[in-house]
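**Student:** Got a sequence here, can you model it:
(one chain, ligands or ions: 1)
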Amino acid sequence: MLKIADRTFRSRLLLGTGKYPSFDIQKKAVEVSEAEILTFAVRRMNIFSEEQPNFLEQLDLSKYTLLPNTAGAKTAEEAVRIAKLAKASGLCDMIKVEIIGDDRTLLPDPVETLKASEMLLEKGFIVLPYTSDDVVLARRLEELGVHAVMPGASPIGSGKGIINPLNLKFIIEQSSIPVIIDAGIGSPKDVAFAMELGADGVLLNTAVSGAKDPVKMAQAMKLAIEAGRLGFEAGRIEEKEYAVASSPTTGMVTS
Ligand SMILES: CC(=O)[C@@H](O)[C@H](O)COP(=O)(O)O
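**Tutor:** As a prediction, this is how the structure comes out:
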């Protein structure tokens, strides 16, 4: 079970809701993924406009926890404003802090992320910041009291997968709050790898919404989460430099 603040979830897959070919495909993908937490950019969702179509209206919202995100914010103040808007709409008091510090790489601004997290915690939000894979920043965020840290695997939408597993491992080892690997996932192998590293969950969007068959890919991601987690819990064998025979050699009749 994934536990964030006082809430528990059976699924360790968090799904983004952007850029699907159609609402119908998106709905099916969300269903087969069995994800319980869905994230969406408050700024891109027409939550206050009844004339505009809205993906959330297609769903049975009682089945999901909505995780609004502050995508589009460049400063802590903007992120707080977006978070307040989300709360005012009555959707959720959980917020994914996403403050982009660089337009080309879409990597997060660590200073503004830390500042926004502090401000949002003071206002009583359940705060999940998207961060760079920096072990010190992750520690500082945990010390502030955030409810999970979400270090990136690689730049958003790049599909490059986990480019620095060692940094993620350091963060996982030191954290006593959930570590959710967020952004840059390309395929199910990246998800299984993240889970085998000991991550508590994975948040992804483009790898599913941009796949040739998003529904099939959503199912593959669900299975990868489960396989990776099982593998982590089972405890993998140690890697060795040289071969070790798989069959026992003791008691073997030699000529
Ligand atoms: C939807 C969302 O929150 C994204 O900003 C997130 O980081 C996912 O990134 P990918 O699209 O690379 O999976």
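**Student:** what's the burial count for Asp103?
**Tutor:** Asp103: 8 surrounding residues under other Cβ atoms under 10 Å. Glycine gets a C-beta too; all of them are placed from N, C-alpha and C.
**Student:** meant to ask about Gly201, not that
**Tutor:** 25.
**Student:** ok, now Ala29?
**Tutor:** Ala29 has 25 nearby residues by other Cβ under 10 Å.
**Student:** before we move on, what about Met217?
**Tutor:** Residues within reach of Met217, counting by other Cβ under 10 Å, total 21.
**Student:** which residues touch it?
**Tutor:** Ala29, Pro188, Ala207, Val208, Ala211 (Cβ atoms under 8 Å, 6 or more residues apart in numbering).
**Student:** For the chain, which segments are assigned as helices?
**Tutor:** Using DSSP state H, the helices found in the chain span residues 23-33, 76-88, 110-122, 135-144, 165-174, 188-197, 206-209, 214-234.
**Student:** Nearest approach to Gln58 belongs to which of the ones you listed?
**Tutor:** Comparison of those against Gln58 by Cβ to Cβ identifies helix 23-33 as nearest, at 5.1 Å.
**Student:** I figured Glu34 hits Lys222, correct?
**Tutor:** Yes - counting by Cβ atoms under 8 Å, Glu34 does reach Lys222; the two are 5.3 Å apart.
**Student:** anything in contact with each of the two?
**Tutor:** By Cβ under 8 Å, 6+ apart, the residues touching both Glu34 and Lys222 are Ser11, Leu13.
**Student:** More neighbours: those two, which one.
**Tutor:** Lys222 (20 against 16).
**Student:** Can you read off the pLDDT for that one?
**Tutor:** Note on Lys222: pLDDT of 98.
**Student:** So what touches stretch 3-15?
**Tutor:** Residues contacting stretch 3-15 (Cβ under 8 Å, 6+ apart): 1-2, 29-30, 33-39, 65, 67, 94, 126, 128, 147-148, 178, 180, 182, 191, 195, 200-205, 208, 218, 221-222, 225, 229.
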